[in-house]
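Chemist: What follows is a predicted protein model with its sequence.
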Amino acid sequence: MKRSIFLLLLILPLFVLPLSSSLAQEPGGQIESLQVSFWPDFDDPSVLVLVTGQLPENSILPAEISIPVPENAEINAVAIIDEAGMVSVDFEEDDGAVTFVTMNPRFRVEYYAPYQQDGGSRSYDFEWLSELSVNEMAAEIQQPANATNLSSEPGAGEVFTNQVDGLVYHSFDSL
């Protein structure tokens, strides 16, 4: 069985970018909370990135949202999240972003992004460059089942084994 080492570099300070006061008041200009999950080698030799967001309670809906994605990303899903679960929505992909209209304050964008490989080691750099203001941000990395080691920068706040899938997760809260 081939074992690998996975290194994930998060450039987290770029997650919360200040906006001018006029842009922050426009629909879709602010995200209350954002959870970014990274699942390297989940079902593809790349990183599945799941971006789940929540708009503020006072958001005007429908709202147009533009989520940055790497130019070499392969979009897997763009959806709103309601009581029934995830519902796919139409989207446009242009200039390194996925843009869509949401009728619900919760949404998700999923995409596959390639990582760099050097022998048995793999690495992925994540950057968030957006005009959206993010009030609370958290991230999570699902350690690949065959990985012997996973490190990140910054280091995880918590490392735990998920009781449902038995995989190890590295959690970063309140970034």
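Modeler: In hand now; what should we look at?

Chemist: hey, let's count contacts and neighbours off CA atoms from now on
Modeler: Will do.

Chemist: who's in contact with stretch 161-170?
Modeler: Applying Cα atoms under 8 Å, 6 or more residues apart in numbering, the contact partners of stretch 161-170 are Glu140, Ile141, Gln142, Gln143, Pro144, Ala145, Ala156, Gly157, Glu158, Val159, Phe160.

Chemist: where does this structure dip in pLDDT?
Modeler: Scanning the chain for pLDDT under 70 picks out 1-28, 174-175.

Chemist: give me that answer again for 90
Modeler: Counting by pLDDT under 90, the chain contains low-confidence residues at 1-30, 71, 83-84, 95, 117-122, 126-133, 145-157, 172-175.

Chemist: What ranges does it have for its helices?
Modeler: With DSSP state H as the criterion, the chain has helices at 21-24.

Chemist: Mind giving me the ChimeraX command for buried ones among the contacts of stretch 161-170?
Modeler: Entered in ChimeraX, the line below selects the buried ones among the contacts of stretch 161-170, by 16 or more other Cα atoms under 10 Å:
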select :140,141,142,143,144,156,159
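
Chemist: from the contacts of stretch 161-170, which two are the most distant?
Modeler: The two members of those with the most space between them (Cα to Cα) are Ala145 and Gly157, at 20.3 Å.

Chemist: Flag every buried residue along stretch 80-91.
Modeler: Ile80, Ile81.

Chemist: Run a quick neighbour tally on the closest residue in space to Phe91 that isn't next to it in sequence.
Modeler: Spatial nearest neighbour of Phe91, excluding adjacent residues (Cα to Cα, 6 or more residues apart in numbering): Phe100 at 4.6 Å. Look at Phe100: counted by other Cα atoms under 10 Å, it has 20 neighbours.

Chemist: From Gln163, how far off is Phe100?
Modeler: 34 Å (Cα to Cα, to the nearest Å).

Chemist: Could you do Glu140 as well?
Modeler: 16 Å.

Chemist: same question, Ile81
Modeler: Relative to Gln163, and taking Cα to Cα, Ile81 is found at 24 Å.

Chemist: And for Ile80?
Modeler: Look at Ile80 and Gln163: by Cα to Cα, they are 27 Å apart.

Chemist: now do Asp44
Modeler: Distance, Asp44 to Gln163, using Cα to Cα: 23 Å.

Chemist: what's the answer for Ser66, then?
Modeler: With distances taken as Cα to Cα, Ser66 is found 34 Å from Gln163.

Chemist: which one of those two has more residues nearby?
Modeler: Higher neighbour count among Ser66 and Gln163: Ser66, with 21 against 8, using other Cα under 10 Å.
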